[in-house]
Structure formats: structure tokens, C-alpha cells
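I need the structure of the sequence given here:
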Amino acid sequence: MAKSTYQAVAFCVCFLASVFLTPIISSSSENIFPRTPGDASHSTIYVTNEKSGDLSVIDSSTLEVIATIPLGKRPRGIHASPDRRFLYITLSGSPIAGPGVDESKLPPPDKTADGIGVFDVQQNKLLRLIPSGSDPENFDITKDGRTIIVSNEDDAKASFVDITSGKVTKAVPVGEEPEGVKVSPNGKFVYVTSEDTGTIAVIDTATAKTTHTIKVGHRPRSVAFLPDGSRAYVNAENDGTVTVIDTAKNEAIQTISLGEPGKIKPMSVLISPDGATLYVSTGRGHKLFVIDTATSKVTASQEIGERPWGIALSPDGKTLYSANGPSNDVSVVNLGNLTVTKKVKVGDSPWGIAVLQH
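The predicted structure follows:
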């Protein structure tokens, strides 16, 4: 075949590839992330935006939003499945109502919107909605990956949801306005915070029965365990404190003060992978607090954003990401010197964050 013919064929192949492959690569329903086997440095940050009802996807390498995916009403809590193939996200049709709001004057809730959204990470899309009880806010997943335990905020219950069947198998009464949910490292218990009653319900995950109720501070919203499970840490938003719980005794043993109540409002608590450090976001207090878990002393604090709420760590534990609701951005915090290196604009009222390593 003549050289000119070869050139013509090559041109046609390149042209057709550019026409037919480009839409596949840019489609939001396809995998948009480079997946190099063994690439430990690359991760993706997923952010739920409560008011805009969508998910912002941020590439950790560029710190740019690479996708925005519609989810449903009021996405808040977000966690990955144990195999990292899926993200589970709470969705709620109840109208937003802060403390002191007269709920009788709010529009009626849309209960058809309530549930746990199942998001496929590889396909980059929402697959289905699992019923999970009324007004789900946050949750955790059992160690075998089979059950999601959900706090139902307006129902004062924790629902046990079988992922395979998509059905609620148990609904356990807890304190009023439950929010934070955390399964213990050994998988035997789940702690559920109740904002209104200031308590922790300790529930046996095998029997779905409450074994203890622990009194903590005012308006607890988040729980973190040491890796060995010996201690749990619970925020007390209205007290400006963090409560330390001895999990063997099922009792509060210490209170760590972060600052003046009302000005410093602890929201989320997060333990470093080695268990040596506790990180606490403080909402309207604007700050991130760093606590040495060996001494229960505050070692540092720094303003990181406008009302930082949900927080997550990079896989190497060197960077912290915070969702800042009023400013619609995510702060990227270098934990080596506790400085904000960038703020990434996301959707309306970011709430929760999950980080997945590829």
C-alpha cells in the first residue's frame, strides 16, 4: 500500500477516536479518576453539600473539583464501605431546622426522600436509595460491611439497616435528636449520641439492644475511639468541651475544656491513625483543636475556616480537610505546621467529608 494511503488510514483512525472516545471519557457517569495499581499517593475527597443536594468530588493531587453529582435532599453523613467500592450517604426530606426553630411553622417533610444513598465509586454515580427510618442524619457500618446503623434525628431511634435486602431490621430507641454514630473497633458495640438528652446509647451490635446509657455533656454530636477501643471521645457542643469515656466501665472519666462555652463549639472529633492525637472542629468557633490523647492536653489550636464541621484525614495522616458550611468551601490543613494551604470552593453548605485512596 502506498505511503499516502497509510497516512489517510491513520488520520481516519485518529479522527474517529477523538469523536467517539471523548464523550466516554468526559461523561459524569463513568470513572473519571486515574486508577494506577499501587498508587498510594493519590486520593479523592468527597464532600456532601446539604443545601444544594449534591456531592463535590475533589482530586487530592490538584485540589480542584473534578465532578459535581446530584444526590437528593439534604445529603449529610458520608462513609465508605469496608471494601471502598461504595459510598453511603444519608438523605433527608425533612426541612432544615436549627436549635430553637418552631418546627410547626416549617413545610411538611418529604419522607419519600429519606434514606441511605448508595454511590458507586467506580461508576461515579448514585445507584439506589435504601430506606433507613425517618430523617437520617449520620451512621456507621458494621465491620462485616453488612449493616448500616443510622441515627434518625426526628424519631429518637437508631435503625439497623441490612444493606443486601435494603430493609430496616431493627429500630432501637435512643435519646432525643440522635446524631453521631460510631462502631467500636472490635465491632461489638455502637455508640449513638443524643443532642437533646446529652447521652450516649451503647448498643450491642449482635442483639441490637441498649446495654448502657452514659451521661455526657450538652449537645453531643460526634464520637471517636482510640484504635484499641479503650477510650471514646465525645464532643459537647454547648459546653465547649470533649468528654473522655472509659469503654470498659461505660462511664465518663474526664472532661477536656477547649474554651469559653458558646464561643468554642466542638462539633466533630477525629482520631489520628496511630491514636496519639485527637482533632476537634469547633463550628462557629472557627478553630481546629489538637489534643494529645496520652495527656488529654490541648497542644495547639488554629482558625481554619468559617464554621468548620465535618473533618477527615488524608491517607497518610498529614493533611486534614474540613467542610465549612457558611462559606461553601473545604479547608486543606497542613498538620505539620497547622496552616491552611488552600480553600476549595464546593456546593452549598458542605457538611460531611470522606477520603478514598486509590
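
what's the model's confidence in stretch 149-161, averaged?
Mean pLDDT, stretch 149-161: 95.

nope, stretch 273-285 is what I was after
In the prediction, stretch 273-285 has an average pLDDT of 97.

what residues of that stretch count as buried?
Gly275, Thr277, Leu278, Tyr279, Val280, Ser281, Thr282, Gly283, Arg284, Gly285 (16 or more other CB atoms under 10 Å). Placement of C-beta: from N, CA and C, glycine included.

now the second one: how far from Gly283?
This means Thr277. 20 Å (CB to CB, to the nearest Å).

surely Glu303 touches Thr282?
No - counting by CB atoms under 8 Å, Glu303 does not reach Thr282; the two are 9.4 Å apart.

strands along the stretch 101-250 of the chain, start to end?
Using DSSP state E, counting those that start in this stretch, the strands of the stretch 101-250 of the chain run over residues 115-120, 125-130, 136-141, 147-152, 157-162, 167-173, 178-183, 189-194, 199-204, 209-215, 223-225, 231-236, 241-246.

what's the local residue count around Pro70?
12 (other CB atoms under 10 Å).

so who does the residue nearest to it when sequence neighbours are not counted touch?
Spatial nearest neighbour of Pro70, chain neighbours left out: Asp54 (5.1 Å); criterion: CB to CB, 6 or more residues apart in numbering. Residues counted as contacts of Asp54 (CB atoms under 8 Å, 6 or more residues apart in numbering) are Thr68, Ile69, Pro70, Leu71, Pro75, Gly347.

give me the buried subset of those.
Using 16+ other CB under 10 Å, the buried ones in those are Leu71, Pro75, Gly347.

and these, which is closest to Asn238?
Pro75 (25.6 Å; CB to CB).

follow-up on the earlier one: pick out the most distant pair among the buried residues of stretch 273-285.
Going by CB to CB, the pair spanning the buried residues of stretch 273-285 furthest: Gly275 and Arg284, at 28.5 Å.

ok, and what's touching stretch 245-255?
Contacts to stretch 245-255, defined as CB under 8 Å, 6+ apart, come from residues 184, 189, 200, 202, 211-212, 214-217, 225, 229-234, 236, 239, 241-244, 296.

endpoint to endpoint, it covers what distance?
End-to-end distance of stretch 245-255 (CA to CA, to the nearest Å): 9 Å.

mind putting the strands of the stretch 101-250 of the chain in TSV, distance to Phe289 included?
Listed next are the strands of the stretch 101-250 of the chain as TSV, based on distance: least, CB to CB, whole Å:
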stretch	distance to Phe289
strand 115-120	31
strand 125-130	35
strand 136-141	21
strand 147-152	24
strand 157-162	28
strand 167-173	32
strand 178-183	17
strand 189-194	18
strand 199-204	21
strand 209-215	22
strand 223-225	13
strand 231-236	10
strand 241-246	8
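
reformat those as JSON lines; add distance to Gly317 and mean neighbour count.
Formatted as JSON lines, the strands of the stretch 101-250 of the chain follow (distance: least, CB to CB, whole Å; neighbours: other CB atoms under 10 Å):
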{"stretch": "strand 115-120", "distance to Gly317": "25", "mean neighbour count": "22"}
{"stretch": "strand 125-130", "distance to Gly317": "30", "mean neighbour count": "16"}
{"stretch": "strand 136-141", "distance to Gly317": "20", "mean neighbour count": "26"}
{"stretch": "strand 147-152", "distance to Gly317": "26", "mean neighbour count": "27"}
{"stretch": "strand 157-162", "distance to Gly317": "30", "mean neighbour count": "22"}
{"stretch": "strand 167-173", "distance to Gly317": "33", "mean neighbour count": "15"}
{"stretch": "strand 178-183", "distance to Gly317": "19", "mean neighbour count": "25"}
{"stretch": "strand 189-194", "distance to Gly317": "23", "mean neighbour count": "26"}
{"stretch": "strand 199-204", "distance to Gly317": "26", "mean neighbour count": "22"}
{"stretch": "strand 209-215", "distance to Gly317": "29", "mean neighbour count": "14"}
{"stretch": "strand 223-225", "distance to Gly317": "14", "mean neighbour count": "24"}
{"stretch": "strand 231-236", "distance to Gly317": "17", "mean neighbour count": "25"}
{"stretch": "strand 241-246", "distance to Gly317": "20", "mean neighbour count": "22"}
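
distance of Asn238 relative to Pro220?
10 Å.

who's more crowded, the two?
Pro220 (32 against 17).

tell me, how many neighbours does Gly229 end up with?
Count around Gly229 with other CB under 10 Å applied: 15.
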